[in-house]
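[1] model the structure of this input:
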Amino acid sequence: MAENPKTLTPRPAATVITLRDGPDGFEVLMLRRNLNSDFVGGAYVFPGGGVDESDAGPSAQRLALGVGDTEASRRLNLDSGGLAYYVACLRELFEEAGLLVACDENGEPRLFDDAFAVRRMATYRRDVNVGSLGFVEMMEREGLLLDLRGLEYVAHWVTPVGPPRRFDTRFFVALAPEGQIATHDAGETVADLWVRPIDALEAHARGELEMILPTIRNLEAIAHFTTSREVLGYARSLVDIPRTEPRIVERDGEIVIVLPGDVGFED
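    Next up, the predicted model:
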């Protein structure tokens with residue numbers, strides 16, 4: 001029996017706002033979801049998805065460098081299990097965009113910038129996405145660790161009651177790994193775009209770039225910064241990140257989304 005949408009438990013999820021510096025300011029990576037998707041089809045989003053059971057497993061935990069579960073859980077205001085969100089972030093970034101934020105056992109970043117490495121990682125990505133190879137197994141095969149040292153927690157959004165799928169999503173920011181090229185997966189996502197936050201917001205206002213509210217608000221929060229490092233510094237400075245759960249209400253015959261503090265939210 002399907003779960004009642006009024007009691008539907010949001011699935012834990014993680015999303016990463018990936019940053020790089022461009023000639024006119026920093027840019028973020030956005031992916032367009034497949035138009036046939038049953039969740040925000042056609043919208044431009046940041047790489048991310050649900051936290052899998054494997055993300056919380058002991059093998060994944062051993063592959064994490066820079067943050068342990070105690071510290072990750074403290075940052076996310078959880079009793080335990082916070083590290084799984086960090087792992088999920090970088091796993092989803094690899095699966096959806098082909099970017100792997102990894103290092104060797106000495107903490108030295110792996111660049112994957114030669115032709116052989118690029119082909120090998122593309123094969124791994126395909127195998128991981130079709131389920132013939134586990135992400136953790138791939139990392140172990142390559143002798144790699146997930147480099148969490150530059151991953152910063154920045155926001156917490158929960159899908160409102162109503163949609164058939166709900167997510168309890170933690171947003172992070174991270175620098176794009178050097179020497180790698182982001183590409184959409186041609187399955188869940190059908191286009192990729194590096195864009196300045198201000199340009200993305202203006203394109204959305206013109207009706208050219210479809211985005212959902214959490215994406216818009218996260219872009220608005222960082223659009224005034226100049227460099228990627230400034231964004232990371234901003235994220236590190238945040239304390240007591242609030243849990244934001246919008247509500248869907250009817251107003252004057254129209255369905256609208258309201259946030260805490262908006263007129264009608266408490267009705």
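[2] sec struct for Ala72, please.
    Following DSSP: H, G, I helix; E, B strand; the rest coil, Ala72 is assigned to helix.
[3] what's the pLDDT at it?
    The model reports Ala72 with a pLDDT of 97.
[4] I'd say it and Leu83 touch.
    Yes - shown here, Ala72 and Leu83 form a contact pair, counting by CB atoms under 8 Å, at 4.2 Å. Where C-beta positions appear, they are placed from N, C-alpha and C, glycine not excepted.
[5] quick check: Ile241 touching Trp157?
    No - contact criterion CB under 8 Å: Ile241 and Trp157 do not qualify, at 10.3 Å.
[6] these two: who's more crowded?
    Using other CB atoms under 10 Å as the criterion, Ile241 and Trp157 rank with Trp157 on top: 24 against 16.
[7] partners of the helix or strand encompassing that one in the sheet?
    If you go by DSSP states H and E, Trp157 is part of strand 152-158. Next to strand 152-158 in the sheet, as set by DSSP bridges, lie strand 167-175 (antiparallel), strand 243-244 (parallel).
[8] winner for burial among these?
    The highest average neighbour count among the strands paired with strand 152-158, using mean count of other CB atoms under 10 Å, belongs to strand 167-175 at a mean of 24.
[9] got the CA positions of it in CSV?
    Extracted as CSV, the C-alpha positions of strand 167-175 are listed here (Å, rounded to 0.1, in the frame of the first residue of the first chain):
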residue,chain,number,x,y,z
PHE,A,167,13.5,14.5,0.4
ASP,A,168,15.3,15.7,3.5
THR,A,169,18.3,17.3,1.7
ARG,A,170,21.6,18.6,3.1
PHE,A,171,23.3,21.1,0.7
PHE,A,172,27.1,21.3,0.6
VAL,A,173,29.6,23.4,-1.4
ALA,A,174,32.9,22.1,-2.8
LEU,A,175,35.6,23.1,-5.3
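[10] mean confidence score for whichever helix or strand comes after it?
    Remark: after strand 167-175, the chain's next helix or strand is strand 189-195, criterion DSSP H and E. Per-residue pLDDT over strand 189-195 has a mean of 96.
[11] so which elements touch the following helix or strand past strand 189-195?
    Using DSSP H and E, the helix or strand that directly follows strand 189-195 along the chain is helix 197-205. On a contact count with 3 or more CB pairs under 8 Å, 6 or more residues apart in numbering; DSSP states H and E, helix 197-205 meets strand 25-33, helix 213-222.
[12] those into a markdown table, with extra columns for distance to Leu259, mean pLDDT and mean neighbour count?
    Listed next are the helices and strands packed on helix 197-205 as a markdown table, based on distance: least, CB to CB, whole Å; pLDDT from 0 to 100; neighbours: other CB atoms under 10 Å:
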| stretch | distance to Leu259 | mean pLDDT | mean neighbour count |
| --- | --- | --- | --- |
| strand 25-33 | 22 | 97 | 22 |
| helix 213-222 | 8 | 96 | 18 |
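[13] out of these, which comes closest to Gly150?
    Proximity to Gly150, assessed across these by CB to CB, is greatest for strand 25-33 (14.2 Å).
[14] please, where are all the helices along the stretch 1-150 of the chain?
    58-62, 69-76, 83-97, 115-130, 135-142 (DSSP state H, counting those that start in this stretch).
[15] partners of the lengthiest strand in the chain in the sheet?
    Taking DSSP state E as the criterion, the chain has its longest strand at strand 11-22. When pairing is defined by DSSP bridges, strand 11-22 lines up against strand 25-33 (antiparallel), strand 48-50 (antiparallel), strand 167-175 (parallel).
[16] for Ile212, find the nearest of the ones you listed.
    Per CB to CB, nearest to Ile212 of the strands paired with strand 11-22: strand 25-33, 9.8 Å.
[17] now the angle from the closest one to helix 213-222?
    180 degrees (axes from the mean of the first three to the mean of the last three CA atoms, to 10 degrees).
[18] what angle do strand 25-33 and helix 83-97 make?
    80 degrees.
[19] so what's Gly49 up against?
    13-15, 88, 92, 95-96 (CB atoms under 8 Å, 6 or more residues apart in numbering).
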